[in-house]
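In: I would like to see how this sequence folds:
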Amino acid sequence: MSKKTLLTIVCIWFTASISFIACDKPDGEVPEEKRHPASRSYTQSLVDELVIMEAKSIYSPAPRENGPPPETCDYVRFLRFRLRNGSDVSSDADAALLMVPGNLGGANSLEYLARNLIYQAKVNHDLNLEVWAMDRRNNCLEDLTGLQAQEYHPDDYETGKNLFIDYYYHGLKIDGKTFDGFLTDKDTPYLSEFGLKMDTEDMYTIITTMMPDPELRRKKVFVGGHSLGGVHASMFSGWDFDGDPETLDDAGFRNLKGLFALDSTVSSTADIIDPIARLLPEYIYKLVENMTEVAYAGIANSLCCRI
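Out: Sure thing, here's the model as predicted:
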């Protein structure tokens, strides 16, 4: 963890705290009356008829320097959205967008946007798009059984049966599976290696696997995301994937057509971080910028168990 990364973490935490406080005004004025939603010229069923979603995975062993992770973590996972009757070869698409979720999101948080984007592009502009919505590697530890059961059986909630709560907290067995319990830091030492480097390399793995020809990637692939995903796309564009600064063909910006941001920004990391950092109390900003190596090591070791 570099000092710049540490400052980024502090900035994100501080900004999020301000946002939550600012939004919590239960007695505040209502800015305007509720409006009727805009009418649509299409239905979700039309979108689903045209667009298909596929769960994809690419084998890529996770680091084992700090202990072996579960086998399920040895895969880069993402959702591929494409035209149902279109080509199965990603290189045939007019454009492909790799979407990175926000801080607390996963690939599923981008599903609605991806489906509708592909539909609108085809119907309104006759463009054949693909979207690859990625999961970060730590999503491999999620047990979604209770969440999915509640989603697929919403009527149970109406009758007072909460499958979500009962599965995760009361030992309810669903389809023969019982929740194993919440993981702690001691259970997951290998997560120390599941960081920016790994996730950025996973982004590169997805685009190079789905579109092997670098010339086509430079013409068709766009990388971006929501919130933190947009910031991550900025870092991806400048990443040196082979570790040799003398070679450029492997660099992120040489493997894409452009960047995009959803409620976010794509820019140099200095342009992104410094304005936010200036919102911090001055003593915190100076603490991070001017700390000694010993103090930095102590803070980094402390943060590793809280983030």
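In: And the strands in the stretch 1-150 of the chain?
Out: Using DSSP state E, counting those that start in this stretch, the strands of the stretch 1-150 of the chain run over 51-59, 75-83, 95-100, 129-134.
In: Report the angle between the second one and strand 129-134.
Out: Compare the direction of strand 75-83 with that of strand 129-134 by axes from the mean of the first three to the mean of the last three C-alpha atoms, to 10 degrees and you get 160 degrees.
In: same deal with the third one?
Out: Here strand 95-100 runs at 20 degrees with respect to strand 129-134, directions being taken by the same axes, to 10 degrees.
In: Let me see the residues that make contact with strand 95-100.
Out: Applying C-beta atoms under 8 Å, 6 or more residues apart in numbering, the contact partners of strand 95-100 are 90, 110, 113-114, 117, 127, 129-134, 203, 206-207, 210-211, 220-226, 228-230, 232-233, 257, 260, 262. Every residue, glycine included, has its C-beta placed from N, CA and C.
In: Next, the contact list for residue 232, please.
Out: Neighbouring residues of residue 232 by C-beta under 8 Å, 6+ apart: 100, 196, 199, 200, 203, 225.
In: how near is the second one to residue 178?
Out: As judged by C-beta to C-beta, to the nearest Å, residue 196 and residue 178 stand 35 Å apart.
In: Compare neighbour counts for those two and give me the winner.
Out: Ranked by neighbour count (other C-beta atoms under 10 Å), residue 196 and residue 178 place residue 196 first, with 15 against 11.
In: quick one: the more buried one and residue 236, what's the gap?
Out: Residue 196 sits 10 Å away from residue 236 when distances are taken as C-beta to C-beta.
In: And for residue 109?
Out: Counting by C-beta to C-beta - residue 109 and residue 236 are separated by 19 Å.
In: and those two? which has more neighbours close in?
Out: In terms of neighbours (other C-beta under 10 Å), residue 236 is the more surrounded of residue 109 and residue 236; the figures are 29 against 16.
In: in which helix or strand would I find that one?
Out: Element membership for residue 236 (DSSP states H and E) is helix 228-237.
In: rewinding a little: in JSON lines, list the strands of the stretch 1-150 of the chain along with distance to residue 189 and mean pLDDT.
Out: JSON lines is the format used below for the strands of the stretch 1-150 of the chain (distance: least, C-beta to C-beta, whole Å; pLDDT from 0 to 100):
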{"stretch": "strand 51-59", "distance to residue 189": "23", "mean pLDDT": "97"}
{"stretch": "strand 75-83", "distance to residue 189": "20", "mean pLDDT": "98"}
{"stretch": "strand 95-100", "distance to residue 189": "26", "mean pLDDT": "98"}
{"stretch": "strand 129-134", "distance to residue 189": "24", "mean pLDDT": "98"}
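In: Quick check: which element contains residue 271?
Out: Taking DSSP H and E as the criterion, residue 271 maps to helix 269-277.
In: mean confidence score for that helix?
Out: Taken as a whole, helix 269-277 has a mean pLDDT of 67.
In: That's all I had, so thanks and see you.
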